[in-house]
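3D model of this:
(chains A, B, C and D)
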Protein chains: 2
Amino acid sequence: MDLVNELGELALATRLKRLSERLSADVSKIYKESEVDFEARWFLILSLLEREKLMAITEIADSLQLSHPAIIQLVQELIQKNLIKTTVDKLDGRKRMVLLTANGKKTLAQIQPVLASIKEENKRWIAEAGANMLTILTELEEALDKQTMYHRIKLNILQQKPNCEVE
Amino acid sequence: MDLVNELGELALATRLKRLSERLSADVSKIYKESEVDFEARWFLILSLLEREKLMAITEIADSLQLSHPAIIQLVQELIQKNLIKTTVDKLDGRKRMVLLTANGKKTLAQIQPVLASIKEENKRWIAEAGANMLTILTELEEALDKQTMYHRIKLNILQQKPNCEVE
DNA sequence: AAAAATTACGTAACTACTTACATAATTAAC
DNA sequence: GTTAATTATGTAAGTAGTTACGTAATTTTT
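Predicted coordinates for the structure are as follows:
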């Protein structure tokens, strides 16, 4: 039997990671086979720019919960692919504002049918497993927002100690 | 609002990854603060060797669903830490068999209280969110074992095409 | 038993990030 | 209005993996 499943709550992170990578790998394969030149890792930043129109590097990093060097790297790649462009903010010379190019908007439009299929099949998969996965994820995330796992485990460990001194 | 949550089924992998990394990071912090010199990434291979006693590099890689170069790297690190050792298999000269050292066994014993706390708090966290997470993960994994997400999306995309030719 | 195929391991180079650090521009404090 | 603190970006080096490829040992085929 698989050790990771056997370990139960001790290997939760591993299973979440495996599941995440399994999904990512399959979606990447789907994009590669589509007619559009598109990579899975471009999706979030392009979607964000579609919604927000104009954002600085750090704003993007904060929004996507990635480090700013990761965004700089992505931005470089997307500029080369002519999907986005940048301008220096007139009011704040430190800020490099990022926005979609016409080509970027077109590319986002072109992958819509693929996105619709991905969304539909993810929905179906979750339903098949009889789970309300999105609700559960939200609840799990919110529980960690209230109190981090670090804090929880720390308290638990500290509560082990007094027992040693009992009697 | 957070784009990733807004995207729903289109950003499932991102949320699973974030959740996984959030848990990993906190557990790493806990190990670092413990008296034992222990890293989160050592846990699976050491647990595996505790159960199986003696395994070749490739067997470990297959068991943990990691590439064999990843295991070679881990094995190098764990040998330096004197937690495992290796011998060449007498029957098959290609195989490098890996096993725990006495120190490795001791170290595993030493982190048991920490592991108990982690397990307990993970259990509590999942219960708090009202989810039977382990069951759900198993069902989600089994659904993907039956049919990969790649296959599902591929079929869905192909079913989009005939509509173009209708009438 | 020699040739061909397979398996096991090792190394190198790449990937998608991260942290740490440096610098320039802006803002706040005095 | 300087000085100090902060913020935004950029760069370098590290991390935990991966894929690609080479070689040695074993097994299979003929």
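
So which bits of chain A are right by DNA strand C?
Within chain A, the positions near DNA strand C by C-beta under 7 Å from any atom of the strand are A:39, A:41, A:65-67, A:69-70, A:73-74, A:91-94. For glycine as for every other residue, the C-beta is placed from the backbone atoms N, C-alpha and C.

Out of these, the closest to A:A109 would be?
A:E39 (16.7 Å; C-beta to C-beta).

So A:I84 is in contact with A:L78, correct?
Yes. Judged on C-beta atoms under 8 Å, A:I84 makes contact with A:L78 at a distance of 4.5 Å.

are any of the residues of chain A next to DNA strand C buried, and which?
A:L74 (16 or more other C-beta atoms under 10 Å in any protein chain shown).

pull the helix or strand with minimum mean pLDDT from chain A.
Least confident helix or strand, chain A: helix A:149-165 with a mean of 80, by mean pLDDT, DSSP states H and E.

Just the buried positions in it, please.
So, applying 16+ other C-beta under 10 Å, buried residues of helix A:149-165: A:M149, A:Y150, A:R152, A:I153, A:K154, A:N156, A:I157.

Which residues are in contact with the spatially closest residue to A:I118 that is not a sequence neighbour?
Leaving out its chain neighbours, the residue that sits closest to A:I118 by C-beta to C-beta, 6 or more residues apart in numbering or on different chains is B:I153, at 5.6 Å. Taking C-beta atoms under 8 Å, 6 or more residues apart in numbering or on different chains, we find B:I153 in contact with A:D26, A:V27, A:I30, A:V114, A:S117, A:I118, A:E121.

Please report the distance of B:I153 from DNA strand C.
19 Å (C-beta to the nearest atom of the strand, to the nearest Å).

Would you mind measuring from that residue to B:K123?
Distance, B:I153 to B:K123, by C-beta to C-beta, to the nearest Å: 34 Å.

Please name every helix or strand in contact with the helix ranked longest in chain A.
Scanning chain A for the longest helix, with DSSP state H as the assignment, gives helix A:12-33. Judged by 3 or more C-beta pairs under 8 Å, 6 or more residues apart in numbering or on different chains; DSSP states H and E, helix A:12-33 is in contact with helix A:3-6, helix A:112-128, helix B:12-33, helix B:133-146, helix B:149-160.

now the contacts of B:I153 in JSON lines, with distance to DNA strand D, pLDDT and neighbour count?
JSON lines is the format used below for those (distance: C-beta to the nearest atom of the strand, whole Å; pLDDT from 0 to 100; neighbours: other C-beta atoms under 10 Å in any protein chain shown):
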{"residue": "A:D26", "distance to DNA strand D": "13", "pLDDT": "94", "neighbour count": "21"}
{"residue": "A:V27", "distance to DNA strand D": "15", "pLDDT": "95", "neighbour count": "23"}
{"residue": "A:I30", "distance to DNA strand D": "16", "pLDDT": "94", "neighbour count": "23"}
{"residue": "A:V114", "distance to DNA strand D": "22", "pLDDT": "94", "neighbour count": "21"}
{"residue": "A:S117", "distance to DNA strand D": "24", "pLDDT": "93", "neighbour count": "20"}
{"residue": "A:I118", "distance to DNA strand D": "21", "pLDDT": "95", "neighbour count": "26"}
{"residue": "A:E121", "distance to DNA strand D": "22", "pLDDT": "94", "neighbour count": "24"}
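
want to try CSV for these, with distance to B:I45 as columns?
What follows is the contacts of B:I153, written out as CSV (distance: C-beta to C-beta, whole Å):
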residue, distance to B:I45
A:D26, 27
A:V27, 29
A:I30, 33
A:V114, 38
A:S117, 38
A:I118, 34
A:E121, 34
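
correct me, but A:I79 touches A:L99?
No. Using C-beta under 8 Å, A:I79 is not in contact with A:L99; the gap is 11.1 Å.

sorry, back to before: which neighbours do A:I84 and A:L78 share?
Contacts common to A:I84 and A:L78, judged by C-beta under 8 Å, 6+ apart, are A:I45, A:L46, A:G104.

What does the residue nearest to A:L99 when sequence neighbours are not counted show for phi and psi?
Excluding the flanking residues, the one nearest A:L99 by C-beta to C-beta, 6+ apart is A:L54, at 5.0 Å. Main-chain torsions, A:L54, degrees, to the nearest 10: phi -140, psi 120.

State the number of residues packed around A:L23.
By the criterion of other C-beta atoms under 10 Å in any protein chain shown, A:L23 has 24 neighbours.

got a list of what the closest residue to it other than its chain neighbours touches?
Spatial nearest neighbour of A:L23, excluding adjacent residues (C-beta to C-beta, 6+ apart): B:A13 at 4.1 Å. For B:A13, the contact set (C-beta under 8 Å, 6+ apart) comprises A:S20, A:E21, A:L23, A:S24, A:V27.

ok, those residues vs DNA strand C, which is closest?
A:S24 (9.0 Å; C-beta to the nearest atom of the strand).

residues in chain A within reach of DNA strand D, list them.
Counting by C-beta under 7 Å from any atom of the strand, chain A sits next to DNA strand D at A:56-59, A:68-69, A:72, A:75, A:92, A:94-97.

Now tabulate the residues you listed in a markdown table and tack on secondary structure.
Putting the residues of chain A next to DNA strand D into a markdown table (DSSP: H, G, I helix; E, B strand; the rest coil) gives the following:
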| residue | secondary structure |
| --- | --- |
| A:A56 | strand |
| A:I57 | helix |
| A:T58 | helix |
| A:E59 | helix |
| A:H68 | helix |
| A:P69 | helix |
| A:I72 | helix |
| A:V75 | helix |
| A:D92 | coil |
| A:R94 | coil |
| A:K95 | coil |
| A:R96 | strand |
| A:M97 | strand |
